[in-house]
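In: here are the coordinates; sequence isn't available:
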């Protein structure tokens, strides 16, 4: 079907150029015509839908696309499915797929990286760091060796961030303890507001000041939690580290005041 091929070729060009939404919109009509596509066209469509959905953070839709593709495709599509399951916090299923995936050269670095993420979830940090180093050696453009984050660095950055706030906000922020943890626990990821991202950098727990009431006691103690191993994964050097810590702290302090990212930006953050 020439029309389908042309649409898919154009959509992949848009995807490669980071025009994700346009790529997905272009092939949307093909989703209801899958039965008329040949094997390769259907596989290309499913891969594209899955990868676009991953970019949007629509992990359940990505899972559905990759799950269907994995039934008719080789191991490369099972890798995409495993990665999607990781972001859905279905870690046991992710590991089961990785255990049976051959380490093809084109996916070897990615396999090491995600196996490192799974080792972290088991609190096997020594093995995780070893796997991250192997991934970085194979593909240094995509993967890095996460630096160590000293607790004192976090405290120093926090003190510097507080100095950026007006005195009244600074006083209120000082009442909120900042906790440092390695990773979000399974209990945190399965929150009351829905499944959270396993690579989240930090979180604010409590009731924002603009919603507090003297008539209603707070259900939990206000606190900010930073997940240092996730923050480290974004950092090539100490400069990156301080920038990510600063941005994460400002973001979470903003939540305490009930401020959105846009409102923080308007205030110069």
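Out: It's in. None of the values given here were measured: they were computed from a predicted structure.

In: rest of the way, CA atoms for contacts and neighbours
Out: OK.

In: Skip ahead from the lowest-mean-pLDDT helix or strand in the chain and say which helix or strand is next.
Out: None of the helices or strands of the chain scores lower by mean pLDDT, DSSP states H and E than strand 194-195, at a mean of 66. Going down the chain from strand 194-195, the next helix or strand is strand 202-205, by DSSP states H and E.

In: now what about that following strand, what contacts it?
Out: With contacts defined as C-alpha atoms under 8 Å, 6 or more residues apart in numbering, strand 202-205 is touched by 220-227, 248-249, 252-253, 255-256.

In: Can I get those residues in CSV including neighbour count and distance to residue 119?
Out: Conversion of these to CSV gives the following (neighbours: other C-alpha atoms under 10 Å; distance: C-alpha to C-alpha, whole Å):
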residue, neighbour count, distance to residue 119
220, 9, 31
221, 11, 31
222, 17, 30
223, 19, 27
224, 21, 25
225, 21, 21
226, 24, 20
227, 20, 16
248, 20, 24
249, 25, 27
252, 24, 27
253, 28, 31
255, 22, 31
256, 23, 32
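
In: Okay, and which of those residues map to strands?
Out: Mapping the contacts of strand 202-205 onto strands (DSSP state E) picks out 223, 224, 225, 226, 227.

In: quick one, phi/psi of residue 206?
Out: Phi and psi for residue 206, reported as degrees, to the nearest 10, are phi 140, psi -160.

In: Let the chain start at 56 from now.
Out: Right, with 56 as the first residue, what we last looked at is residue 261.

In: Quick check: it touching residue 277?
Out: Yes: proximity of residue 261 to residue 277 meets the contact threshold set by C-alpha atoms under 8 Å, at 4.2 Å.

In: circling back: and the ones in strands among the contacts of strand 257-260 as CSV, adding distance to residue 69?
Out: Shown next, in CSV, are these (distance: C-alpha to C-alpha, whole Å):
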residue, distance to residue 69
278, 43
279, 39
280, 38
281, 36
282, 35
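
In: Go through the residues you listed and name the one nearest residue 79.
Out: residue 282 (33.2 Å; C-alpha to C-alpha).

In: Quick one: residues contacting the closest one.
Out: Counting by C-alpha under 8 Å, 6+ apart, residue 282 touches 235, 236, 237, 238, 239, 255, 256, 257.

In: Residue 234 is in what secondary structure piece?
Out: Going by DSSP H and E, residue 234 is in strand 233-236.

In: Okay, now the sheet partners of that strand, with direction.
Out: Strand pairing for strand 233-236, using DSSP bridges, gives strand 278-282 (parallel).

In: I'd like the next helix or strand past the strand it pairs with.
Out: helix 283-287.

In: re the thing from before, what's the farthest-apart pair in the contacts of strand 257-260?
Out: Farthest pair in the contacts of strand 257-260, by C-alpha to C-alpha: 275 and 303, 21.4 Å.

In: In space, not sequence, find me the middle residue of this structure.
Out: Nearest to the geometric centre of the chain sits residue 254, at 4.6 Å (C-alpha atoms, centre = their mean).

In: Would you mind measuring from it to residue 143?
Out: Separation of residue 254 from residue 143 (C-alpha to C-alpha, to the nearest Å) stands at 11 Å.

In: Check residue 86 too.
Out: Residue 86 is 23 Å from residue 143, by C-alpha to C-alpha.

In: Pick out whichever of those two has more residues nearby.
Out: Just comparing residue 86 and residue 143: by other C-alpha atoms under 10 Å the higher neighbour count belongs to residue 143, 20 against 13.

In: Spit out the contact partners of that one.
Out: With contacts defined as C-alpha under 8 Å, 6+ apart, residue 143 is in contact with 114, 115, 250, 252.

In: Right, I'll leave it there.
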